[in-house]
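**Q** quick one, structure for this:
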Amino acid sequence: MAQTLVIIPTFNEAENIGRLLGELSGRYSSHIDILVIDDNSPDGTADIVRSIQGTTRGLYLMGRDCKMGLGTAYITGFKYALQRGYHYIAEMDADYSHDPADVQRFLDGMMSGVDLLIGSRYMNNTVNVVNWPLGRLILSKIASIYTRIITRMPVDDPTSGFKCFRAEVLRAIDLDRINSQGYSFQIEMNFRVWKKGFTIKEIPIVFVDRSVGKSKMTKKNVREAIWIVWWLTIKSFFGFL
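**A** Next up is the predicted model:
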């Protein structure tokens, strides 16, 4: 078993998942294990994963009965990783918006003693996003600024879904109390890590919008992200977090 588990939630990613898993296993071989959590994708995503499990070391598949959301997928993956004794637990998307080559930078960064390492699209007053519609880019950037102002959390890209946790961090957080999804899930996890006093570091990444498949972001995700920052800040102020 490798020290690092990379969790990849999927829903209708048949056009991407085979190539992504091949590239990850080819690049990192014995350095990482991979857990795909599939929400019963009707396009056969899980079948593709099963078809290559026999020839891919450290590839695991967890199938769920229906579409249950990104947040619950990651919480399930976190618990799976902690139960099996992984030291580092990474998140990444299945759609190639996160570059598999950057996983090595996360592995190196965790070795330096960081508790949470985040791949940031917005570091140092730059925007490293490719092929996003202008409206979505503006929404994402405003969400990052808004979150930082309300929570005072020192993170430039609090909604990034490309990150890696030290196992001790996840053990210190009550994962059963986290019910947020999408953007909100990423914000809440970062906030809880920060409030626990763990170290957070960002590294710059280039985020490339998916070329095949459909985005899973919904208006509900956006609305939840707007109020979650106030909910977290208020609960923290009264000591209920």
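
**Q** and for L59, the neighbour number?
**A** Using other CB atoms under 10 Å, L59 has 18 neighbouring residues. (Glycine included, C-beta is placed from N, CA and C.)

**Q** cool, and R152?
**A** 11.

**Q** now do the SS call for L35.
**A** Under the three-state scheme (DSSP: H, G, I helix; E, B strand; the rest coil), L35 adopts strand.

**Q** that one contacts K79, correct?
**A** No. Using CB atoms under 8 Å, L35 is not in contact with K79; the gap is 11.0 Å.

**Q** can you tell me the element L61 falls in?
**A** strand 59-63 (DSSP states H and E).

**Q** next: I150.
**A** Following DSSP H and E, one finds I150 within helix 134-151.

**Q** in that helix, what counts as buried?
**A** For helix 134-151, a neighbour-count test (16 or more other CB atoms under 10 Å) marks 137, 139-141, 143-144, 147-148, 151 as buried.

**Q** if we look at that helix, which residues are touching it?
**A** Contacting residues not belonging to helix 134-151 are listed as 121-122, 127, 129, 132, 153-159, 183, 187, 191, 222, 225-226, 229-230, 232-233 [CB atoms under 8 Å, 6 or more residues apart in numbering].

**Q** pLDDT on the very next helix or strand once past that helix, on average?
**A** Heading C-terminal from helix 134-151, the first helix or strand you meet, by DSSP H and E, is strand 163-166. Averaging pLDDT along strand 163-166 yields 98.

**Q** try stretch 75-85
**A** On average, stretch 75-85 scores 98.

**Q** please apply the same query to stretch 33-53.
**A** Stretch 33-53 comes out at a mean pLDDT of 97.

**Q** contact partners of that stretch?
**A** Identification of contacts with stretch 33-53 by CB under 8 Å, 6+ apart yields 1-2, 4-15, 17-18, 21-22, 24-25, 56, 58-68, 73, 76-77, 80-81, 86, 94.

**Q** would you write a ChimeraX line that selects the buried entries of the residues you listed?
**A** This is the ChimeraX syntax for the buried subset of these, where burial follows 16+ other CB under 10 Å:
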select :2,4,5,6,7,8,9,10,11,12,13,14,15,17,21,24,25,56,58,59,60,61,62,64,67,68,73,76,77,80,81,86,94
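
**Q** could you check the angle the helix or strand just after the strand holding L61 makes with strand 59-63?
**A** Downstream of strand 59-63, the first helix or strand assigned by DSSP H and E is helix 70-83. Angle of helix 70-83 versus strand 59-63, following axes from the mean of the first three to the mean of the last three CA atoms, to 10 degrees, is 130 degrees.

**Q** so what touches helix 70-83?
**A** In contact with helix 70-83 (CB under 8 Å, 6+ apart) are residues 5, 7, 9, 35, 37, 39, 62, 64, 89, 91, 161, 165, 167, 170-171, 175, 178-182, 184-185, 216.

**Q** which is the next helix or strand following it?
**A** Counting by DSSP H and E, the next helix or strand C-terminal to helix 70-83 is strand 88-91.
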